[in-house]
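Chemist: Quick one, what's the 3D model for this:
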Amino acid sequence: MNLAATLRSPVVLRWRWVWLAPSILFLAVMAGTAIGETAIPLETILKVLANRLWGAEHVVDRIDAGIVWNYRLSRAILAACCGAGLALSGVVLQALLRNPLADPFLMGISAGASTGAVAVTIAGLGAGAVTLSLGAFAGAGLAFSLVVLLARAAGSGTGGGRSAQAAGAIILAGIAGSQLFNALTAFIIAKSANAEQARGIMFWLMGNLSGVRWDDVTLGLPAALGGLLVCLWYRRALDAFTFGADSAASMGIAVRRVRAILIAVMALVTATMVSMVGAIGFVGLVIPHAMRFLVGNRHTRLIPASALAGAVFLIGADIISRVIVPGQVLPIGVVTALVGAPAFAVILIRGTRRR
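Modeler: Presented below is the predicted three-dimensional model:
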């Protein structure tokens, strides 16, 4: 076997990506920290990290140090966590439902999480005993449960044999659920929020990383890593689910238990991200499709590739949101939609032509 064939072998490619992925993620985080209205050199960023993490005594301008540590670095890390978490949710939902259009945004999970978060923060639901993340999780679970019940009432399962009919019913139920919870969110804001609160909430609902601090990272990072580990643990089950629930059951998989665990974990991950940065669309829809073109359908490769691509994509979208309009920060959801919608159109057209 020649050298080129050796380098293309699956084992070599797998280990190459194992070592390359952290480097790509590190470079993306550094870019998210360096790029903005005020460009900060990489050398300055590394000095700030050395001072903060290892007690070095490099001389760094206080303003630059504050921007790096208190603002941009935490923002870039949380953007990576949110991108990875949303992409993983898309991978899982598309496999479990056998539906290429399934993602947290379209299936009502993001809308339900937004409603739960707004109900806690604006309407005071729970009288202070319910946290923002818990409210978002409850809303996400309620929304997805409603979507599933509505799809079943329409004569669909969540992965049955009549795939075209099931896909149509689930998507229509997801659209209905999203619209319902978006309307509830708007009603709560109109009824309970003043003008200033309403403006802040509406900006947040479109995706906003401006207020991110290290406390958010300590919540988002475990959620993203936990979601990744759970997905990798059930990677073979997800492979089986792509052939249908009956095929998965014939392989000895406890279909109901595995499906319930995966959906609950992905709802928790999505709710955690939404509670911090608002609803961000297209990440869970576009990234899994793009990665399938690159690494195939096997979830052993698809899961880590989607997590990495989602992280890099959302960091890039955050950079664009900060620099595209001088002196103003756009909601990150606007950028993901502007990039994601055309990308999804290209993926859809290419997929249709291949059939």
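Chemist: which regions of the stretch 151-300 of the chain sit below the pLDDT cut-off?
Modeler: Within the stretch 151-300 of the chain, the segments meeting pLDDT under 70 span 155-168.
Chemist: For the stretch 51-200 of the chain, which segments count as helices?
Modeler: 62-67, 73-97, 109-121, 132-153, 163-192, 195-205 (DSSP state H, counting those that start in this stretch).
Chemist: Quick one: closest of these to Thr272.
Modeler: Nearest to Thr272 among the helices of the stretch 51-200 of the chain is helix 132-153 (5.5 Å), distances taken as CB to CB. For glycine as for every other residue, the C-beta is placed from the backbone atoms N, C-alpha and C.
Chemist: so what does that closest one touch, helix or strand wise?
Modeler: helix 109-121, helix 163-192, helix 255-277 (3 or more CB pairs under 8 Å, 6 or more residues apart in numbering; DSSP states H and E).
Chemist: Please identify the most buried of the ones you listed.
Modeler: helix 109-121 (a mean of 29; mean count of other CB atoms under 10 Å).
Chemist: which helices and strands does that helix pack with?
Modeler: Packed on helix 109-121, when contacts are counted by 3+ CB pairs under 8 Å, 6+ apart, are helix 132-153, helix 163-192, helix 195-205, helix 255-277.
Chemist: between the ones you listed, which one is nearest to Ile24?
Modeler: Per CB to CB, nearest to Ile24 of these: helix 255-277, 20.9 Å.
Chemist: how far off helix 109-121 does that closest one point, in degrees?
Modeler: 50 degrees (axes from the mean of the first three to the mean of the last three CA atoms, to 10 degrees).
Chemist: Hey, what's the angle from helix 255-277 to helix 195-205? Just curious.
Modeler: Going by the same axes, to 10 degrees, helix 255-277 makes 130 degrees with helix 195-205.
Chemist: what's helix 255-277 packed up against?
Modeler: Checking 3+ CB pairs under 8 Å, 6+ apart, helix 255-277 ends up next to helix 73-97, helix 109-121, helix 132-153, helix 214-233, helix 235-241, helix 245-250.
Chemist: Run through who's touching whichever helix or strand comes after it.
Modeler: Moving toward the C-terminus from helix 255-277, the next helix or strand (DSSP states H and E) is helix 283-295. Residues outside helix 283-295 that contact it (CB atoms under 8 Å, 6 or more residues apart in numbering) are 82-83, 86-87, 89-91, 93-94, 100-101, 103-106, 301-302, 305-306, 309-310, 313-314, 336, 340, 343-344, 347, 350-351.
Chemist: Which members of the residues you listed are classed as buried?
Modeler: Buried by 16 or more other CB atoms under 10 Å: 82-83, 86-87, 89-91, 93-94, 100-101, 103-106, 301-302, 305-306, 309-310, 313-314, 336, 340, 343-344, 347, out of the contacts of helix 283-295.
Chemist: In JSON lines: the helices and strands packed on helix 255-277, plus distance to Leu262.
Modeler: Putting the helices and strands packed on helix 255-277 into JSON lines (distance: least, CB to CB, whole Å) gives the following:
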{"stretch": "helix 73-97", "distance to Leu262": "5"}
{"stretch": "helix 109-121", "distance to Leu262": "13"}
{"stretch": "helix 132-153", "distance to Leu262": "12"}
{"stretch": "helix 214-233", "distance to Leu262": "7"}
{"stretch": "helix 235-241", "distance to Leu262": "8"}
{"stretch": "helix 245-250", "distance to Leu262": "12"}
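Chemist: Of all those, which one comes closest to Ala267?
Modeler: It's helix 132-153; of these, that one is closest to Ala267 (CB to CB) at 4.6 Å.
Chemist: That closest one vs helix 73-97, what angle?
Modeler: Here the directions of helix 132-153 and helix 73-97 differ by 20 degrees (the same axes, to 10 degrees).
Chemist: in helix 132-153, what's buried?
Modeler: 132-144, 146-148, 150-151.
Chemist: In the stretch 1-150 of the chain, where is pLDDT below threshold?
Modeler: Short version for the stretch 1-150 of the chain, where the test is pLDDT under 70: 1-18, 126-131.
Chemist: switch the cut-off to 80
Modeler: Applying pLDDT under 80 to the stretch 1-150 of the chain flags residues 1-19, 99-102, 105-107, 121, 123-134, 137, 148.
Chemist: can you tell me which residues contact the closest residue in space to Pro100 that isn't next to it in sequence?
Modeler: In space, and not counting its chain neighbours, Pro100 is closest to Gln94: 6.0 Å by CB to CB, 6 or more residues apart in numbering. Gln94 is in contact with Pro100, Ala102, Asp103, Pro288, counting by CB under 8 Å, 6+ apart.
Chemist: With Gly66 instead?
Modeler: By CB under 8 Å, 6+ apart, Gly66 has no neighbours at all.
Chemist: The helices and strands packed on helix 109-121: which one's closest to Gly55?
Modeler: Of the helices and strands packed on helix 109-121, the one closest to Gly55 (CB to CB) turns out to be helix 255-277, at 29.6 Å.
Chemist: and that closest one, how far from the chain's centre?
Modeler: 11 Å (CA atoms, centre = their mean, to the nearest Å).
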